[in-house]
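Asks: here is my input, please return the structure:
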Amino acid sequence: MTIICSGSLAFDRLALYPGLFSDLIIADMINKLNVCFMVEKVERVHGGTAGNISYNLQLMAQKPLVVTSVGDDPDGRDYVSRLESWGLSAEHAYLVPGEATAGVYIATDKAGNQLTFFNPGAMVVETPFDPASLPGNPSDHLAIISPGGFSDMERLAARYRDLGIRFIFDPGQQIPVFSGKQLLDMLDGSLLLMTNEYELDLFLQKTGLPPEDLFRYTTAVLTTLGAKGSRLSTPRGAQHVMAVPTAELGNPTGAGDAYRAGVLAALAHGEDILSSCRLGSTVASFCVEAEGTQKHFFTPGQLLTRHFRAFKESPSFLG
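Replies: Presented below is the predicted three-dimensional model:
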């Protein structure tokens, strides 16, 4: 069984804004927006969807296959070395000559609202990865399509569907790039649609669908709600998953990717979707305690202890 994690490897520049973005935005002048937010600090950290998800997976002793394109610049080579230091294969982290590694610029205000600017760099170059080359039964594999190269997202969704590989569709900040038809084509046959609340509204707007019609294309819809937890919706109704309490609050950036890692690990080991969402909530709780998307740490035992305390469940693969 292989967990396939496609998306971005990027360097995040994280900034903290001590006020509220909304205080400087004049509603009736939104079409002439010209505003400067004076941030307190900026920190460069390893990030990107594939990088963040894989970081959390390896903390759970999982060995995901990372599929992405990076530049052949120092940033790209730095990140490839980082993957290898986790004991992961960098075989499908393709170095693109003459291109820069993707970069993300994220500002967070005191209410947790975020402004994000993204330069895709080498990420727009399609990878040569073909999931048909994986050993074993395709139905045993599990993939996540996270925001990454546009052509890879479309191509991999079609290949996973054709091969019978279970996959989670996580379009995130790439939703505006695609047409409604493209989004539905990628969603079709997926195990799960994962978004935050804003992204779900945008997805529905782009596709023109009411929420209940999403189940014509996917089995379930998982919506993260920040500090309010998450919501798992199926044709049978919706269930709320609480946010796991934390001792301290750092920066929420990366918590969604940590959540996704928990879901992936649990699903890969036979847990049902609801239990997998609960584990995702527990993994995310470690991330929000730290400053940065890959600054937190836990052992499988520590994860199991916190998870049992919150949900009275003990996923067997954690020991």
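
Asks: alpha carbons only for contacts and neighbour counts from here, please
Replies: Will do.

Asks: can you classify the residue nearest in space to the middle of the chain by secondary structure?
Replies: By C-alpha atoms, centre = their mean, the chain has its centre lying nearest to D257, at 3.7 Å. Secondary structure assignment for D257 (DSSP: H, G, I helix; E, B strand; the rest coil): helix.

Asks: got a list of what it touches?
Replies: 49, 52-53, 284 (C-alpha atoms under 8 Å, 6 or more residues apart in numbering).

Asks: mind listing the helices for the protein?
Replies: For the chain, applying DSSP state H gives helices covering 49-59, 74-85, 150-163, 180-187, 197-207, 255-268, 273-287, 300-311.

Asks: contact partners for V45?
Replies: 11-14, 292-294.

Asks: okay, it and G136: tell me how far apart.
Replies: As judged by C-alpha to C-alpha, to the nearest Å, V45 and G136 stand 36 Å apart.

Asks: tell me the confidence at the residue nearest to V42 when sequence neighbours are not counted?
Replies: Excluding its sequence neighbours, the residue lying closest to V42 (C-alpha to C-alpha, 6 or more residues apart in numbering) is A15, at 4.5 Å. Looking at A15, its pLDDT is 91.

Asks: surely A15 touches G112?
Replies: No. A15 is beyond contact range of G112, at 11.8 Å (criterion: C-alpha atoms under 8 Å).

Asks: pick out whichever of the two has more residues nearby.
Replies: A15 (20 against 16; other C-alpha atoms under 10 Å).

Asks: so what's the more buried one up against?
Replies: Counting by C-alpha under 8 Å, 6+ apart, A15 has contacts 39-43, 105-108.

Asks: which two of those have the greatest separation?
Replies: Maximum pairwise distance among those (C-alpha to C-alpha): 14.2 Å, between E40 and Y105.

Asks: of those two, which one has the most company?
Replies: Y105 (17 against 9).

Asks: would you mind confirming that the more buried one is in contact with F117?
Replies: Yes. Contact criterion C-alpha under 8 Å: Y105 and F117 qualify, at 5.0 Å.

Asks: no more questions from me, cheers.
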